[in-house]
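Chemist: Task: produce atomic coordinates for the following.
(one chain, ligands or ions: 1)
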Amino acid sequence: MALYSRVSGSVGMITLQNPPVNALSAAVRQGIVDMMHRALSEPEVKSVVICGQNGKFCGGADIREFGAKMTGPPLVPMVHLIEAASKPVVAAIEGIALGGGLELALSCHYRIAHSKARLGFPEVALGLLPGAGGTQRLPRLIGVPAALDLITTGRHVTAAEARQLGIVDEVTDLNAVDAAVKFAQSVTGKSLDARRISTYPCPRPPDLDAIFERAMQQVRRSARGAIAPGTCVQAVHAAVTLPYAKGMERERELFSLLFTSGQARALQYYFFAQRAVSRWSTANGARWDTSKPRPVRKAAVIGLGTMGRGITVSLAQAGFSVVAVETQEKQLSEAKQAVSGMLERGAKRRGVPLAHDKIKYSCSVQAVADVDLVIEAVFEDMALKKTVFQQLSAICKPGVLLCTNTSGLDIDELASQTQSPELVVGMHFFAPAHVMQLLEVVYGPRSSPEVVATAMQMGKKMGKVSVAVGNCRGFVGNRMLKPYLEQAFFLLEEGATPEQVDQVLEEFGFAMGVFKVSDLSGLDVGWKVRKADGLVSPASTGTSARIRGGSRYSPLGDLLCERGRFGQKTGRGWYQYDKPGGRVAKPDPWLHGFLEEYRAQHGLVARHIDHQEVLERCLYALINEGFQILQDGIAAGPEDIDVIYVLGYGWPRHRGGPMFYAGQVGLDKVVERLEHYQQIHPDVPGLQPCSLLRKLAASGNPAIHKWREVIQKPRSQL
Ligand SMILES: CC(C)(COP(=O)(O)OP(=O)(O)OC[C@H]1O[C@@H](n2cnc3c(N)ncnc32)[C@H](O)[C@@H]1OP(=O)(O)O)[C@@H](O)C(=O)NCCC(=O)NCCSC(=O)/C=C/CCCCCCCCCCCCC(=O)O
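Modeler: Residues are numbered from 1 along each chain as shown. I've put the predicted structure just below:
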């Protein structure tokens, strides 16, 4: 709702009240309309100030209402009422003015912002466009190129930048509402003719066509199939080519198109999923709201390879004192240099002070004796990690949290090397660790709730989205990757090429196809794991070469590794590169010949494989594993899996995540297609639909937020 008060006798004040971000719910919109009429009808009131409660102007339309039937006054007539007002209306922008909140501000005649406020049109990230006149008013106010930038990227600008762009009239370090009231008094009685943005002509730079062409190319390059960015460009184009009223009609038309698209639903689901994961729970009943994090001031990182360096940078940038340990002098000095470079680039990019002095480097593991938390980031080798954990358990002060950055090894086995297994937890970062936003916090059966809470909070302080997951081989992300990769290998055996598989996945929206990712991360990584698991056997022909434990197995990755083809780092992998370390993947005729030879050796006949089969086999196998993970209680809900896949594995955000996507396809359809492929490939257990998936499909495809009711795992209390 909105509260009305009178300030200094002549200023009508409308305060938006809808915690936590004063979103424009039906009640708030109704309140604004009613209070505007009241302010305009009171003769003593000469001007109006609109502000938000609790230091936040407005976070935009209430996204929670998007799924329901619309009630209350619509936004567009509301902003027209404000702009047409005969008394000056001033927006007092504190905290945020986002989306519909900024559109509300643009309908006011003046805007005063606090210096710490952020403004923007983030609708594009929700699969929408600013649909309450934002696409028509912003270019009129700040010009086409700047408006295109803000609307298509959704980026927030500071009050200072907003002032520079001409979005706000004044910026204050003092109380913005008081400043707005003073301002409102100072403009009382002045003509408002030049203050109504909708009446401005839209500037037409001479190179207009080139500007739109460039904008369209840019959004096409980065959108990966998302339709909102290009539609935003079209809406801004209408501001230039059509009169305001017609432009508004076009904006409405384009908004409706996006609003009713599956992409907007997926992105809005994802918005809430990313927030839901912070309300974590574990399989044994620990919860975010009953578990208190421990204080951490000083942390240590053991092992300064690529991951350890990124983690060190993240910790230092988040303000933690860090002890960085690498046992060899030469490696330590190389790491120090690399970390310094990363910190310098980070400080420059983010405009923050350098954090060099936060880090102490040491060759001795003894240096971690007084820290509050250790993150082990040595090679992915259980024996080595066990030794490190034994050392840490002996050296560290009592009560220290011992975390491992393993990407899939057994947390409990590591915990059992220490005197306090309840203090051990996994913190699985993604490379590059100072850039990637995802952190899997892996709890073992003995990890204490406080330790999980501490790791989750540490991740948040490091700017990550932390997702709590249970302990199993590969945790959530890498466990689901296995059947996905497996299907990709099988498709090559059956006649596909890496380029074909990658193209299908990239057209779906993945940042990179599976084979390009494999080349980037190094084929040797998986090879080492498969060797440790006893899966890699000397080259042989016949069916036994492609069977392990009674199930189909593809040795293709192993065979490439035996030939020294580790991907980008060696200049050869599933593709070829111009040199070792090269980045541009080119199809490799050698690989094609090798595949032909391999098929001939194993009596496989290449067949034509279509787009749909590639997509269904890769994605549905991955999705099926996701349901198995839910069934096993490794992830608490589908949101956890979806956030992990979007942030850690390049799943296209506009498709919501694999679990949401499965729901959109229809769970019964996923079951039916898995069964179809399982019949053809009975030796691939990953194609057998898991019982939770079957159960949900049989219960009539319930909406994703209802899945937890069906999962209903028995839970004990910690
Ligand atoms: C920066 C933030 C605002 C705050 O960030 P932070 O401090 O980190 O806190 P969070 O954890 O993110 O958020 C706190 C809680 O607040 C909830 N929240 C945040 N924003 C909103 C919101 N806008 N609505 C509802 N709830 C919100 C958030 O979920 C948290 O709660 P919880 O933990 O989940 O419980 C940050 O939150 C942020 O960035 N928010 C999003 C801001 C945003 O994107 N704003 C734009 C919204 S879209 C918009 O404004 C569109 C305007 C045009 C509308 C046009 C008219 C609409 C008509 C609809 C009907 C038309 C039908 C047409 C079809 C037809 O023709 O048929």
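
Chemist: So which bits of the strand or helix carrying residue 152 are buried?
Modeler: In this structure, residue 152 sits in helix 144-153 according to DSSP states H and E. For helix 144-153, burial by neighbour count (16 or more other Cβ atoms under 10 Å) applies to 144-148, 150-153. Where C-beta positions appear, they are placed from N, C-alpha and C, glycine not excepted.

Chemist: before we move on, what about stretch 488-507?
Modeler: 488-502, 504-506.

Chemist: which among the buried residues of helix 144-153 gets closest to the ligand?
Modeler: For these, the minimum distance to the ligand (Cβ to the nearest ligand atom) is 11.7 Å, reached by residue 151.

Chemist: looking at it, the closest one is touching residue 134, isn't it?
Modeler: Yes - Residue 151 is within contact range of residue 134, at 7.0 Å (criterion: Cβ atoms under 8 Å).

Chemist: Could you tell me which residues touch both of the two?
Modeler: Shared contacts of residue 151 and residue 134 (Cβ atoms under 8 Å, 6 or more residues apart in numbering): 121, 123.

Chemist: Can you list the low-confidence ranges for the stretch 51-200 of the chain?
Modeler: Within the stretch 51-200 of the chain, not a single segment meets pLDDT under 70.

Chemist: Up against the ligand, what does it have?
Modeler: Residues of the stretch 51-200 of the chain lying close to the ligand by Cβ under 6 Å from any ligand atom are 59-64, 70, 75, 96, 98-100, 122-123, 126, 128, 130-132.

Chemist: out of those, which are inside helices?
Modeler: Of the positions in those, 75, 100 sit in helices, assigned by DSSP state H.

Chemist: got the contact list for the helix holding residue 152?
Modeler: In contact with helix 144-153 (Cβ under 8 Å, 6+ apart) are residues 120-121, 123-124, 129-130, 134-135, 138-139, 141, 155, 157, 165, 202-205, 208, 211-212, 215, 218-219, 229, 232-233, 235-236, 239-240.

Chemist: what are the ranges of the strands in the stretch 201-350 of the chain?
Modeler: Assigned by DSSP state E, counting those that start in this stretch, the stretch 201-350 of the chain shows strands spanning 298-302, 321-325.

Chemist: quick one: the closest residue to residue 81 other than its chain neighbours from the ligand, how far?
Modeler: Spatially, and ignoring its direct neighbours in sequence, residue 81 is nearest to residue 36 (5.7 Å; Cβ to Cβ, 6 or more residues apart in numbering). Here the criterion is Cβ to the nearest ligand atom, to the nearest Å. By it, residue 36 lies 18 Å from the ligand.

Chemist: and if you look at residue 609?
Modeler: Distance from residue 609 to the ligand, by Cβ to the nearest ligand atom: 39 Å.

Chemist: which element is the closest residue to that residue other than its chain neighbours on?
Modeler: Spatial nearest neighbour of residue 609, chain neighbours left out: residue 496 (4.8 Å); criterion: Cβ to Cβ, 6+ apart. Using DSSP H and E, residue 496 falls within no helix or strand.

Chemist: ok, so what distance separates residue 496 from residue 574?
Modeler: If you measure residue 496 against residue 574 using Cβ to Cβ, to the nearest Å, the figure is 12 Å.

Chemist: cool, and residue 241?
Modeler: Going from residue 241 to residue 574 by Cβ to Cβ gives 47 Å.

Chemist: Comparing the two, which residue is more hemmed in?
Modeler: Between residue 241 and residue 574, counting by other Cβ atoms under 10 Å, residue 574 is the more crowded of the two (28 against 14).

Chemist: I figured the more buried one hits residue 515, correct?
Modeler: Yes - contact status for residue 574 versus residue 515: in contact at 3.9 Å, counting by Cβ under 8 Å.

Chemist: okay, and the common contacts of those two?
Modeler: Joint contacts of residue 574 and residue 515 (Cβ under 8 Å, 6+ apart) are residue 498.

Chemist: on that earlier part again, tell me the most buried of the strands of the stretch 201-350 of the chain?
Modeler: strand 298-302 (a mean of 26; mean count of other Cβ atoms under 10 Å).

Chemist: on that earlier part again, quick check: which of the strands of the stretch 201-350 of the chain is nearest to the ligand?
Modeler: strand 298-302 (23.6 Å).

Chemist: Partner strands of the closest one and their direction?
Modeler: Take DSSP bridges as the rule and strand 298-302 pairs in its sheet with strand 321-325 (parallel), strand 373-376 (parallel).

Chemist: can you redo those as JSON lines with mean pLDDT and distance to the ligand?
Modeler: As requested, those are exported to JSON lines (pLDDT from 0 to 100; distance: least, Cβ to the nearest ligand atom, whole Å):
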{"stretch": "strand 321-325", "mean pLDDT": "98", "distance to the ligand": "25"}
{"stretch": "strand 373-376", "mean pLDDT": "98", "distance to the ligand": "24"}
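
Chemist: So which of the residues of the stretch 51-200 of the chain next to the ligand are in strands?
Modeler: 96, 98 (DSSP state E).

Chemist: element containing the residue nearest to residue 497 when sequence neighbours are not counted?
Modeler: Among residues not flanking residue 497 along the chain, residue 592 sits closest, at 6.4 Å (Cβ to Cβ, 6+ apart). Per DSSP H and E: residue 592 is located in helix 589-601.

Chemist: Now do the next helix-or-strand element following that helix, average pLDDT.
Modeler: Moving toward the C-terminus from helix 589-601, the next helix or strand (DSSP H and E) is helix 611-631. Averaging pLDDT along helix 611-631 gives 98.

Chemist: Just give me how far helix 611-631 sits from the chain centre.
Modeler: Its chain's C-alpha centre and that of helix 611-631 lie 21 Å apart, by Cα atoms, centre = their mean, to the nearest Å.

Chemist: which element follows that helix toward the C-terminus?
Modeler: Next element after helix 611-631 (DSSP H and E): helix 638-649.

Chemist: now the angle from whichever helix or strand comes after that following helix to helix 611-631?
Modeler: Downstream of helix 638-649, the next assigned helix or strand under DSSP H and E is helix 658-665. Orientation of helix 658-665 against helix 611-631 (axes from the mean of the first three to the mean of the last three Cα atoms, to 10 degrees) gives an angle of 120 degrees.

Chemist: chain center to helix 658-665: distance?
Modeler: 17 Å.

Chemist: I'd like to know which of the buried residues of stretch 488-507 are part of helices.
Modeler: 488-494, 498-502, 504-506.

Chemist: of all these, which comes closest to residue 108?
Modeler: residue 506 (44.3 Å; Cβ to Cβ).

Chemist: Need the pLDDT of that closest one.
Modeler: 97.

Chemist: one step back: check contacts around the residue nearest to residue 81.
Modeler: Counted by Cβ under 8 Å, 6+ apart, residue 36 has contacts 14, 48, 81-82, 85, 89.

Chemist: repeat for residue 614
Modeler: By Cβ under 8 Å, 6+ apart, residue 614 lies in contact with 491, 496, 500-501, 504-505.

Chemist: Columns distance to the ligand on top of the residues you listed, output as CSV?
Modeler: Converted to CSV, these look like this (distance: Cβ to the nearest ligand atom, whole Å):
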residue, distance to the ligand
491, 39
496, 40
500, 38
501, 35
504, 32
505, 29
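
Chemist: can you list the domain ranges for the protein.
Modeler: 2-259, 298-474, 496-601, 611-633+636-710 (automatic domain parsing).

Chemist: Now do the phi/psi pair for residue 6.
Modeler: phi -110, psi 130 (degrees, to the nearest 10).

Chemist: isn't it right up against residue 48?
Modeler: No - assessed by Cβ under 8 Å, residue 6 is found out of contact with residue 48, at 10.5 Å.

Chemist: Neighbour count: the two, which is higher?
Modeler: A direct count of neighbours by other Cβ under 10 Å for residue 6 and residue 48 places residue 48 higher, at 26 against 13.

Chemist: Could you look up the SS state of that one?
Modeler: strand (DSSP: H, G, I helix; E, B strand; the rest coil).

Chemist: With the one 3 residues further on instead?
Modeler: Put simply, residue 51 is strand when judged by three-state DSSP.

Chemist: Relative to residue 93, how far out is it?
Modeler: 8 Å.
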